[in-house]
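Participant: Fold the following for me, if possible:
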Amino acid sequence: MTFLRNFWQEDEGQDLIEYTLLLAFVALASAALFLGAGKSISGIWNATSTQLASANSGS
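Facilitator: This next block holds a predicted model:
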């Protein structure tokens, strides 16, 4: 019973767990942003490529 009480009251690893969870949240949020930005950059690249191709064929 004493072991369980001591285990429940100890908080030495709490900071490490909090920082790990924070890091995981930041990693997931940045991955979501990169995926969204990738689609946007792909659209810009396709529009630029189309305009360059049409400018090249007009010369």
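
Participant: show me where pLDDT drops low in the chain?
Facilitator: The model of the chain has pLDDT under 70 over residues 7-8, 10-12, 58-59.

Participant: mind listing the helices for it?
Facilitator: Assigned helices in the chain, in chain order: 2-9, 14-58 (criterion: DSSP state H).

Participant: Turn the ones you listed into CSV, including mean neighbour count.
Facilitator: For the C-beta atoms, the positions are set from N, CA and C on the backbone; glycine is no exception. Shown next, in CSV, are the helices of the chain (neighbours: other C-beta atoms under 10 Å):
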stretch, mean neighbour count
helix 2-9, 8
helix 14-58, 10
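
Participant: and Ala53, what does it touch?
Facilitator: Residues counted as contacts of Ala53 (C-beta atoms under 8 Å, 6 or more residues apart in numbering): none.

Participant: For Asn46, see how far away it is.
Facilitator: Note on Ala53: its distance to Asn46, by C-beta to C-beta, to the nearest Å, is 11 Å.

Participant: do Ala31 as well
Facilitator: The spacing between Ala31 and Asn46, counted by C-beta to C-beta, is 23 Å.

Participant: ok, Ser54 - contacts?
Facilitator: Going by C-beta under 8 Å, 6+ apart, the list of residues near Ser54 is empty.
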